[in-house]
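**Q** kindly return the folded structure for what I paste below:
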Amino acid sequence: MRISMEGASLVADIKRKIFNEGQLETLCKIIADTNDGLTGSQIGYFLRVTGITDTDPTFTKWKRLYNALINRQNETQAGNCILAFISKSLAPSRFVGNSDFYRSILERVNTVLIFHGLEFQEDGKFHRVLSASTLSEAEIRTSKLKETIASRKLHNHLLKFCRAELLQNNYFHAVLEATKSISSMIREKTGLTSDGAVLLDEAFSGISPILKINPFITESEKSEQKGFVNLAKGLFGTFRNPTAHSARIEWSLSEEDAIDLFTLASYVLRRIEKSS
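**A** Next comes the predicted model:
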């Protein structure tokens, strides 16, 4: 069994997690939902691959899963068996072509995991987040993220970089991660290794740029390309450089400004994604 994490300290911390009966029941009802959860055969399969005894295979799906997981947790006095099951059954590769549904499940699962300072992300790994102390806090934080994503249609590549920071309402570091997502996509498309303004110039500038956001034939199209480069450079200069070189207490950023930045970064990412 292997669970992907952020580091050895997180592995040790996860082994000490204990889920109470209410939390585990909620998780099992989400994962084994009658309409859109795991099938009975899938529950049996993932219990086997995680080495967990299927104690009551004839029970209702969620009760079957609950009994198997609670028995293992009681035996080991550790909740890592539950996290192992989540890691296997919610592996992102299982939901190719069904990303909206996948995100919906993750949001519901993370409403429980956030009580333990954990979040399972679309990269198939557990990450640390600030722990929630009440149900209302957990729901507000996860629903706020969902509302932001839905209303602004934030690009998935951006969310891979800053979802954890958004869950913690940590906009100072979220904006830094958002701008990193732009450099990451450019590198993926071009194979270049530089960063920031240099990377933008190498990818989009010159007589015959590596990436073009349009046919790049008419003067108007070339002007648009140049404007796009300047826009992206401005994004880096305004938001990335201050957060990278200033202490958080010295550089304040409101939620409204942060969300506007995420929207602008998403626009830049979409143009890069569609570039030829």
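
**Q** what helix or strand does Gly44 sit in?
**A** helix 40-49 (DSSP states H and E).

**Q** packing partners for that helix?
**A** helix 61-76, helix 80-89 (3 or more Cβ pairs under 8 Å, 6 or more residues apart in numbering; DSSP states H and E). For every residue, glycine as well, the C-beta is placed using N, CA and C.

**Q** between those helices, which one is nearest to Gln121?
**A** helix 80-89 (11.3 Å; Cβ to Cβ).

**Q** tell me the angle of the next helix or strand after that closest one relative to helix 80-89?
**A** Downstream of helix 80-89, the next assigned helix or strand under DSSP H and E is helix 99-113. If you take axes from the mean of the first three to the mean of the last three Cα atoms, to 10 degrees, helix 99-113 sits at 170 degrees to helix 80-89.

**Q** now do the strands in this protein.
**A** Assigned by DSSP state E, the strands in the chain fall at 118-120, 126-128.

**Q** just name the most buried of the ones you listed.
**A** Highest mean neighbour count of those: strand 118-120, a mean of 22 (counted as mean count of other Cβ atoms under 10 Å).

**Q** so in that sheet, which strands flank that one, and in what orientation?
**A** strand 126-128 (antiparallel) (DSSP bridges).

**Q** domain-wise, how is the protein divided?
**A** According to automatic domain parsing, the chain comprises the domains 8-133, 167-274.

**Q** I'd like the average pLDDT over stretch 134-143.
**A** When pLDDT is averaged over stretch 134-143, the result is 64.

**Q** would you mark the buried spots in stretch 92-102?
**A** Phe95, Tyr102 (16 or more other Cβ atoms under 10 Å).

**Q** show residues contacting that stretch.
**A** Asp36, Leu90, Glu122, Asp123, Gly124, Asn156 (Cβ atoms under 8 Å, 6 or more residues apart in numbering).

**Q** select only the buried ones of these in PyMOL?
**A** This is the PyMOL syntax for the buried subset of those, where burial follows 16+ other Cβ under 10 Å:
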select buried, resi 90+122
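
**Q** what about the contacts of stretch 92-102, which are in helices?
**A** Counting by DSSP state H, these place Asn156 in helices.

**Q** need the contacts of stretch 92-102 in JSON lines with distance to Arg48 and pLDDT, can you?
**A** Conversion of the contacts of stretch 92-102 to JSON lines gives the following (distance: Cβ to Cβ, whole Å; pLDDT from 0 to 100):
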{"residue": "Asp36", "distance to Arg48": "22", "pLDDT": "80"}
{"residue": "Leu90", "distance to Arg48": "17", "pLDDT": "93"}
{"residue": "Glu122", "distance to Arg48": "25", "pLDDT": "84"}
{"residue": "Asp123", "distance to Arg48": "25", "pLDDT": "86"}
{"residue": "Gly124", "distance to Arg48": "20", "pLDDT": "88"}
{"residue": "Asn156", "distance to Arg48": "32", "pLDDT": "75"}
